[in-house]
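1. here is a sequence together with a model predicted from it:
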Amino acid sequence: MLFIDFSRCCERLEGTKGRLEMIDIVSREIPDLSDEELPIFVRFIMGRIFPDWSSQKLGIGPNLLYEAVRNVTGLQKSEVIDTINRTGDVGKAVEELLAVKTQTSLSAHPLELAEVYAGLTGIAAREGRTSQKEKIRAVMVLLNDARPLEGRYLARIMLEELRIGVGEGSVREAVAKAFSVDSALVEHAMQVLNDLGEVARLAKKGPSALSEVRLTPFHPVRMMLAQQGTIAEMIADHGAVAAEFKYDGSRFQFHKKGNWARMYSRRLEDVTGALPDVIQQLLTATDHDLIIDGEVIAVENDRPLPFQSVLRRFRRKHGIAEAQEAIRLIPNVFDILYLDGETLIDLPFSERRKKLEYAVRFFVAPQVVSDNADVIDATYKKALDAGHEGIMLKVPDSPYTPGLRGKNWIKIKPAVDTLDLAVIGADWGEGKRAHLFGSFLLACQSEGKLLPLSRVATGFSDEQLAEVYDLLKDTVISTLEKEVRFEPTLVFEVGYSEIQTSPTYDAGFALRFPRFIRIRDDKDIADIETLEGIRERYRRQLNNNGSRS
Ligand code: AMP
């Protein structure tokens, strides 16, 4: 497939609003692709480059991209930045700028989809001191051959934000439709393989290839997630449920095969290097090949420390030995997904639990199974007394469903209303904070799009504002007077007193008294609150207010 044909397909999708129509467009492109092109197309169309399980990163921020565009077009940096600010979109800006270049250049050859992928893989592989310059040069090679429309999508793919509104769900449906296979089979295979590109290749082979998928050590899968609920509802719906402490730390997935072990964060980043002490503890606890799921907590005098202490350790790149001395980390293991070659996720939780207890000697989270609300209540009180966040209730006969926030895991914790939202923009601060970002624009998600919902300007310490500035400064996409826009990478947890309907924000809602609680850098943009979730909270709030008055 030529990259220009891929770009035209993106352009068509960008002009399409209806989900069914989008699925139709994608499903018509897919069958003609070669085995090599199919996974690339499927990932690119979702704005991704590498399989989701891969920790490979392109490592191209907006600044590096602007520099490459400037070199290719021969324009001044200020002209590039002005165009980006005027269009408000890096992709459209690159398209416009390349149009100027195209009038003077004759050397371009038609780019192939696979060639673009090979170019990007090469860029990702460059490491070390000279890598920035080499990356710029490699981006220039691609941009040099790109026609303006290709430039639009190439730039967006490089920043991993395609903005054509095609979410993973739509692409799954399109794959199912293109090869006439059951979409539930496609979804299950995606949960196991964590790469829709590879799933599409198997779908092309047929349903039996899809149903034979197995987990592979060192290909992390998404974490199963929890919903809110109540003890009474869980017991009424399921009878006996399994209760465990809800540890307030950082989620991990630990993979071991032979003498080789790696640990992944909730965002599936490889954090092995940062956590040698945790790895060591887990290696003493098992002799098996396995994939286990758990939560690392920090402790001092046997009491859990606040969750930030753990996150700091997950993020650490230097001074790891000193950090180990300062903060003691302990893993708590609560699930097993794979054991000695066998994929376990489709087994009931009660069966997996037996395998977990068999395979792992220490650090297995204690569990109480009961249909008696008083017993579960007592576990909840014990959890809070011991300084944990609350409890998790799990349905004993439920499978492990990677990435799903279903009703098989319910979290019970003291009521505080907080939301996890993406930071998409900010205003510069004032007075002594003029060199930092001040008020932040936050967004929720809906079908692959980010919708502004609120601003947050209170709740930050000077130290936190400086930390946030550091995390965001290289992700600025555009600036307009006092306002900047970011490539969405960071998640804030914010508190609020009420959700209100609002014409000001695209989400149609706004937060009353929003207050910064903490950075959630264990969460991805894909993990932020959905518009549906906000609507649900709004409905619940109306009901509660109604019953109070
Ligand atoms: P939340 O982040 O509030 O949606 O709560 C779900 C998170 O609680 C999971 O992603 C885990 O990181 C964490 N957690 C702590 N203890 C447990 C447990 N026993 N079982 C499952 N998740 C747990």
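-> It's in. Numbers count the residues shown, from 1 in each chain.
2. right, and the helix or strand after the helix or strand encompassing residue 334?
-> Residue 334 belongs to strand 328-339 when assigned by DSSP states H and E. Counting by DSSP H and E, the element after strand 328-339 in chain order, helix or strand, is strand 342-343.
3. right, is the next helix or strand after that next one up against the ligand?
-> Where DSSP H and E defines the elements, the next helix or strand beyond strand 342-343 is helix 349-359. No. Applying CB under 6 Å from any ligand atom, one finds helix 349-359 separated from the ligand by no less than 10.7 Å. Just so you know, the C-beta spots here come from the backbone N, C-alpha and C atoms, and that holds for glycine as well.
4. restricting to C-alpha, output helix 349-359 in PDB.
-> Provided in PDB are the C-alpha atoms of helix 349-359 (Å, rounded to 0.1, in the frame of the first residue of the first chain):
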ATOM      1  CA  PHE A 349     -10.700 -16.700  39.500                       C
ATOM      2  CA  SER A 350     -11.100 -19.400  42.200                       C
ATOM      3  CA  GLU A 351      -9.100 -21.800  40.000                       C
ATOM      4  CA  ARG A 352      -6.500 -19.200  39.300                       C
ATOM      5  CA  ARG A 353      -6.200 -18.500  43.000                       C
ATOM      6  CA  LYS A 354      -5.300 -22.100  43.600                       C
ATOM      7  CA  LYS A 355      -2.600 -22.000  41.000                       C
ATOM      8  CA  LEU A 356      -1.300 -18.800  42.400                       C
ATOM      9  CA  GLU A 357      -1.000 -20.300  45.900                       C
ATOM     10  CA  TYR A 358       0.700 -23.300  44.400                       C
ATOM     11  CA  ALA A 359       3.200 -21.300  42.300                       C
END
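5. mind giving me the packing neighbours of the helix or strand where residue 539 lies?
-> Secondary structure assigned from DSSP H and E places residue 539 in helix 531-548. Applying 3 or more CB pairs under 8 Å, 6 or more residues apart in numbering; DSSP states H and E, we find helix 531-548 packed against strand 437-446, strand 498-501, strand 509-512.
6. out of these, deepest packed?
-> Mean neighbour count (mean count of other CB atoms under 10 Å) peaks for strand 437-446 among those, with a mean of 22.
7. which residues touch it?
-> 419, 421-430, 450-457, 465, 468-469, 472, 484, 488, 492, 494, 507, 514, 516, 525-526, 528-534 (CB atoms under 8 Å, 6 or more residues apart in numbering).
8. I'd like the next helix or strand past that strand.
-> Past strand 437-446, the next helix or strand by DSSP H and E is strand 449-456.
9. any idea of the mean pLDDT for the helix or strand following that next one?
-> Following strand 449-456 in sequence order, the next helix or strand is helix 462-472 (DSSP H and E). Mean per-residue pLDDT for helix 462-472: 92.
10. could you dump helix 462-472 to PDB, C-alpha only?
-> Listed next in PDB are the C-alpha coordinates belonging to helix 462-472 (Å, rounded to 0.1, in the frame of the first residue of the first chain):
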ATOM      1  CA  ASP A 462       5.100  25.300  44.400                       C
ATOM      2  CA  GLU A 463       7.000  22.000  44.300                       C
ATOM      3  CA  GLN A 464       4.200  20.200  42.500                       C
ATOM      4  CA  LEU A 465       3.800  23.100  39.900                       C
ATOM      5  CA  ALA A 466       7.600  22.800  39.200                       C
ATOM      6  CA  GLU A 467       7.300  19.000  38.800                       C
ATOM      7  CA  VAL A 468       4.300  19.400  36.500                       C
ATOM      8  CA  TYR A 469       6.200  22.000  34.400                       C
ATOM      9  CA  ASP A 470       9.100  19.600  34.000                       C
ATOM     10  CA  LEU A 471       6.800  16.900  32.900                       C
ATOM     11  CA  LEU A 472       5.000  19.100  30.400                       C
END
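11. in that helix, what's buried?
-> Judged by neighbour count (16 or more other CB atoms under 10 Å), helix 462-472 contains these buried residues: 465, 468-469, 471-472.
12. and for stretch 503-521?
-> Going by neighbour count (16+ other CB under 10 Å), the buried part of stretch 503-521 is 505-507, 509-511, 514, 516-521.
13. Throw these into TSV and include secondary structure, pLDDT and distance to residue 334, thanks.
-> Formatted as TSV, the buried residues of stretch 503-521 follow (DSSP: H, G, I helix; E, B strand; the rest coil; pLDDT from 0 to 100; distance: CB to CB, whole Å):
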residue	secondary structure	pLDDT	distance to residue 334
505	coil	93	38
506	coil	92	38
507	coil	93	34
509	strand	95	34
510	strand	94	37
511	strand	93	33
514	coil	91	33
516	strand	94	30
517	strand	91	25
518	strand	91	23
519	strand	92	25
520	coil	92	20
521	coil	83	22
